[in-house]
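# no sequence on this one, just coordinates:
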């Protein structure tokens, strides 16, 4: 079984390559979108003081553990023909999968960024207030100051996006050569009894996760060495 | 019409969690004074007083005014003041980048920011380190960078919270020279220091604070020659805090 799986990878089977490429495209795009929104949002909640801030923190933290199937159903209802965004015709396309994974990773990235930036605010808050740095600039400065720690936050988001199956299955439909990604393909092949392809995709998935983590750790260590900690 | 004093505190009290840290402190900056030293034993409320005068802490009673203006609120410091903390927080980036994050003072165009920052690094002797990581600076260099960052805001009053604590004599001398330069530039300085020699060297006036109360205010030479209160006398003689409380 394992030999068959390795054979599939060695032969660079087009099925495997396509599935891996789509997985990466969907998850990386979703994490990029969630990062663009989540990092400033998390930092703003960390730095700003406003009525209901405590509740906002609780909601962010709670949404970190949002079940993928719930997100899948919500996005399905939103994009289905009778839903508010139905006319866009996005259901069962990679775009729908990107929307679902963005919704899934956004709270995780925002909540972890909030915690990271809040620690930095404790350290630098008085200095920034003393220098009369405006709110937007505070957020920018603290995000930049925490950049090495935030790499881990982005990796957590990417890990969640790459490994989830429920949401993309519901809004993507697991259509061959259209919306099939690694996790949905693994689930399908297991149910069909084709363990070799499942194992091959599993190996690729784990290798990708390890490679990204090693790369991020390397970049972080090099940057810390240059800038100090 | 009489001009407003640079800084005035009227019956300022601060009681976080019911514990009195400042007790009805009243103070008006004397126009002739260029450098005023705030001294007192550990825990007497000096740093808290500095933060309150800066606008970072809101008093429970009384009022703080700077050039006649109340604090801006929202936890922001007074415009026209700068504070250098005992342990300045520097950001992960180069020395120059730590200066570039300072907002431009009123009337200064953004296009001049970089030139002004480099000029300031020249003044504090850190120009050769402009591209060096700020977090790798020595203690003395960090303190000079923090002074440069504060000075770059072009303050009319600089508040310094033990700027030479834990520095070696050479670094202390460099920082003291900078304080002299800041004074010479026309900026007034309110200095918290445990170093009595430093207070005597730099200050025109001394304010002595004990257990949150302002007990004594005199010209520096007079204070060190002949303090009026027994608490100040004991403090100058190096008496221990528990002896002070029973004096």
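Structure's in. What do you need? Because the structure is a prediction, the values reported are computed rather than measured.
# Residue 114 sits in which helix or strand?
I went with chain A, as the question did not name one. When secondary structure is defined using DSSP states H and E, the element that contains residue A:114 is helix A:94-130.
# oops, chain B please
Using DSSP H and E, residue B:114 maps to helix B:113-123.
# Show me the contact partners of that helix.
Outside helix B:113-123, the residues that touch it by Cβ atoms under 8 Å, 6 or more residues apart in numbering or on different chains are B:95-96, B:99-100, B:102, B:104, B:108, B:127, B:129-130, B:148, B:151-152, B:181. For glycine as for every other residue, the C-beta is placed from the backbone atoms N, C-alpha and C.
# which ones are touching residue 129?
All of this refers to chain A. B:56, B:75, B:76, B:77.
# switch to chain B, that's the one I care about
B:95, B:121, B:137, B:141.
# One more: residue A:85?
Taking Cβ under 8 Å, 6+ apart as the test, what residue A:85 contacts is A:78, A:79.
# Got the phi and psi for it?
Summarising the backbone geometry of residue A:85 under the convention degrees, to the nearest 10, its torsions are phi -110, psi 20.
# again, but for residue A:74
When read as degrees, to the nearest 10, the backbone of residue A:74 gives phi -60, psi -50.
# My read is that it contacts residue A:96, right?
No: under the criterion of Cβ atoms under 8 Å, residue A:74 is not in contact with residue A:96, lying 11.8 Å apart.
# in which helix or strand would I find residue B:13?
Assignment of secondary structure by DSSP H and E places residue B:13 within strand B:7-14.
# how about that strand: buried residues?
In terms of neighbour count (16 or more other Cβ atoms under 10 Å in any protein chain shown), strand B:7-14 has its buried residues at B:7, B:8, B:9, B:12, B:13, B:14.
# how close does residue B:131 get to chain A?
11 Å (Cβ to the nearest Cβ, to the nearest Å).
# Can you list phi and psi of the residue nearest to that residue when sequence neighbours are not counted for me?
When the adjacent residues along the chain are set aside, residue B:131 lies closest to residue B:94, with 5.2 Å between them (Cβ to Cβ, 6 or more residues apart in numbering or on different chains). Main-chain torsions, residue B:94, degrees, to the nearest 10: phi -80, psi 170.
# check contacts around residue B:94.
The neighbourhood of residue B:94, defined by Cβ under 8 Å, 6+ apart, consists of B:130, B:131, B:132, B:133, B:134.
# now the angle between strand B:7-14 and the next helix or strand after the strand holding residue B:13, please.
Past strand B:7-14, heading to the C-terminal end, the next element that is a helix or strand (DSSP H and E) is strand B:22-28. Counting by axes from the mean of the first three to the mean of the last three Cα atoms, to 10 degrees, strand B:22-28 points 170 degrees away from the direction of strand B:7-14.
# related to what we said a few turns ago, for the contacts of helix B:113-123, work out which two are farthest apart.
The distance between the two most remote of those (Cβ to Cβ) is 23.7 Å, for B:108 and B:129.
# The residue of chain B found nearest chain A - nearest residue in space that isn't next to it in sequence?
Each residue of chain B has a distance to chain A, by Cβ to the nearest Cβ, and the smallest belongs to residue B:135, at 3.2 Å. Of all residues not flanking residue B:135 in the chain, residue A:228 sits nearest, at 3.2 Å (Cβ to Cβ, 6+ apart).
# And for the one you found, the neighbour number?
Using other Cβ atoms under 10 Å in any protein chain shown as the criterion, residue A:228 is surrounded by 14 other residues.
# Equivalent analysis for residue B:151, please.
The burial count assigned to residue B:151 is 22, neighbours taken as other Cβ under 10 Å.
# Correct me if wrong, but residue A:140 is in a strand.
No: under DSSP: H, G, I helix; E, B strand; the rest coil, residue A:140 sits outside any strand and is assigned helix.
# list the contacts for whatever residue of chain A ends up closest to chain B?
Relative to chain B, the nearest point of chain A is residue A:228 (3.2 Å; Cβ to the nearest Cβ). For residue A:228, the set of contacting residues under the criterion of Cβ under 8 Å, 6+ apart consists of B:92, B:133, B:134, B:135, B:136.
# For the closest residue to the second one other than its chain neighbours, which residues are in contact?
If I follow you right, that is residue B:133. Sequence neighbours aside, residue A:227 is the residue nearest to residue B:133 in space, at 4.5 Å (criterion: Cβ to Cβ, 6+ apart). With contacts taken as Cβ under 8 Å, 6+ apart, residue A:227 has the following neighbours: B:92, B:93, B:133, B:135, B:136.
# Measure how buried the second one is and give me the count.
Taking other Cβ under 10 Å as the neighbour definition, residue B:93 ends up with a count of 18.
# can you count the residues close to the closest residue to it other than its chain neighbours?
Excluding its sequence neighbours, the residue lying closest to residue B:93 (Cβ to Cβ, 6+ apart) is residue B:134, at 6.3 Å. Around residue B:134 there are 25 other residues, counting by other Cβ under 10 Å.
# I'd say residue B:134 and residue B:146 touch.
No: at 9.9 Å, residue B:134 does not count as touching residue B:146 under the criterion of Cβ under 8 Å.
# Name all residues that sit in contact with the two at the same time.
When contacts are counted by Cβ under 8 Å, 6+ apart, residue B:134 and residue B:146 are jointly contacted by residue B:90.
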